[in-house]
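Asker: no letters, just coordinates:
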């Protein structure tokens, strides 16, 4: 996404009813609304397997010389990010299988990166072919990054009278892990900001507690400790805005597959009362819904897809990648009030197409800070490596 005083440019995926990319639209076929107000579309260009020229509004596509790319050009880089701060053991296994399946079908010109949220240092280096990707996939391990002090503190809360100990402990630890993961993702996206062009990021994650799933479950006296959900939501908002500015489309994949959220073999043999069992089930269903909604929210904000409730994670990766290679770059001239004027506010974007029966996927908006201002305040860090 490009944001400047002269132009706002957003990437847009358009498909037909069968999910196939539509490649013959021009600027005149698009409508863009910013904060509910229709904008004047100045250009639209198709980028994909059938590379089409950039067409200004009202121009004849057959006479437009400028092209966005040439046939056979390298595809956009694919960045796999494993949110291993809190992946369960079954999710690690499902993620490994998906990466191995991708490696089997990997093309020679695919620029692929494999990163983990648990790494404190962002080292962006492409994998050297399918063999290295397979080795890295098989090396994934479950690793919850919680310090002993944090775990001891959570355990002390579990002994607090008149609270729901298990739920309170889980919520506390989940929030710690969520913030650590989201901060790592911000660092990764910031490193990708130095690259030109559009980047596809596939995030393997079990989601984040961005809404308050314990409002009616834990006594209000714990709110100063846990917060009301806003601190994690703030990190998601920062991540999505940074991704939009860095032209990173975040697709999310929940490797848990179909989850029942019911009583399992790992539970205690018996709960104290029938009501206690019902409380545990309700809390788990709420947490599952919240975690999946958070992944859908993050993907939607950046123009990506969210894949959940599928036991074949490899098929989910294929679905994401097949829907992300073909897109339009649609631009318009922003109004003067879009940038500047005190504290930046969020501007919503809605992209429509006039041709009936088509589906549109695009980024949902941006904060009113131009790329020039952001670059002056926080220049992108030079990546350690870059796509060819």
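Answerer: Everything's here; your move. Owing to the predicted nature of the structure, the values given are computational and were not obtained by experimental measurement.
Asker: quick check: which element contains residue 80?
Answerer: Counting by DSSP states H and E, the element that carries residue 80 is strand 78-82.
Asker: contacts for that strand next, please.
Answerer: Residues from elsewhere that reach strand 78-82 (C-beta atoms under 8 Å, 6 or more residues apart in numbering): 95, 99, 110-117, 124, 140, 185, 188, 192, 199-204, 248, 321. In short, each C-beta sits where N, CA and C put it, glycine included.
Asker: can you list the low-confidence ranges for the protein?
Answerer: For the chain, the stretches with pLDDT under 70 are 49-75, 143-173, 210-231, 261-277, 341, 381-388.
Asker: give me the most central residue, it.
Answerer: Most central in the chain under C-alpha atoms, centre = their mean is residue 250, positioned 3.2 Å from the mean C-alpha point.
Asker: tell me how far the closest residue in space to it that isn't next to it in sequence lies from residue 204.
Answerer: Nearest residue to residue 250, sequence neighbours excluded (C-beta to C-beta, 6 or more residues apart in numbering): residue 302, at 4.4 Å. Look at residue 302 and residue 204: by C-beta to C-beta, to the nearest Å, they are 16 Å apart.
Asker: quick one: end-to-end length of stretch 112-120, please.
Answerer: Start-to-end span of stretch 112-120 (C-alpha to C-alpha, to the nearest Å) is 20 Å.
Asker: now it: buried residues?
Answerer: For stretch 112-120, the neighbour count (16 or more other C-beta atoms under 10 Å) marks 112, 113, 114, 115, 116, 117, 118 as buried.
Asker: quick check, the second one in a strand?
Answerer: Yes: Residue 113: assigned to a strand according to DSSP: H, G, I helix; E, B strand; the rest coil.
Asker: for it, give the beta-bridge partners.
Answerer: residue 79, residue 126 (DSSP bridges).
Asker: list the residues that contact it.
Answerer: With C-beta under 8 Å, 6+ apart, residue 113 has these contacts: 77, 78, 79, 80, 124, 125, 126, 127.
Asker: quick check: of these, which lies closest to residue 291?
Answerer: residue 80 (19.7 Å; C-beta to C-beta).
Asker: how many residues are close by the closest one?
Answerer: Per other C-beta atoms under 10 Å, the neighbour tally for residue 80 reads 24.
Asker: ok, residue 28 next?
Answerer: By the measure other C-beta under 10 Å, the count of residues near residue 28 is 15.
Asker: next one: residue 311
Answerer: Using other C-beta under 10 Å, the number of residues around residue 311 comes to 11.
Asker: let me see the contact set for the closest residue to it other than its chain neighbours.
Answerer: Leaving out its chain neighbours, the residue that sits closest to residue 311 by C-beta to C-beta, 6+ apart is residue 257, at 3.9 Å. Shown in contact with residue 257 (C-beta under 8 Å, 6+ apart): 90, 94, 309, 310, 311, 312, 313.
Asker: mind checking which helix or strand the second one is in?
Answerer: Applying DSSP H and E as the criterion places residue 94 in helix 89-104.
Asker: and that helix with strand 78-82, angle?
Answerer: 160 degrees (axes from the mean of the first three to the mean of the last three C-alpha atoms, to 10 degrees).
Asker: how far out from the middle of the chain is helix 89-104?
Answerer: Relative to its chain's centre, helix 89-104 lies at 19 Å (C-alpha atoms, centre = their mean, to the nearest Å).
Asker: what do you get for stretch 334-345?
Answerer: The answer for stretch 334-345 is 26 Å, by C-alpha atoms, centre = their mean.
Asker: then stretch 104-111?
Answerer: With C-alpha atoms, centre = their mean, you get 22 Å for stretch 104-111.
Asker: quote the end-to-end distance of it.
Answerer: OK, stretch 104-111 end separation, C-alpha to C-alpha: 15 Å.
Asker: now do the helices in the stretch 151-300 of the chain.
Answerer: Here the stretch 151-300 of the chain has its helices, by DSSP state H, counting those that start in this stretch, at 165-192, 223-226, 230-245, 274-301.
Asker: for those helices, which one sits closest to residue 340?
Answerer: Of all the helices of the stretch 151-300 of the chain, helix 230-245 comes closest under C-beta to C-beta, at 16.6 Å.
Asker: the closest one vs helix 274-301, what angle?
Answerer: On the basis of the same axes, to 10 degrees, helix 230-245 is oriented at 20 degrees to helix 274-301.
Asker: about what we covered before: for the residue nearest to the centre of the chain, give me its contacts.
Answerer: 201, 203, 239, 240, 243, 298, 299, 302, 304.
Asker: got a list of what the fifth one touches?
Answerer: Read it as residue 243. Taking C-beta under 8 Å, 6+ apart as the test, what residue 243 contacts is 189, 201, 249, 250, 302.
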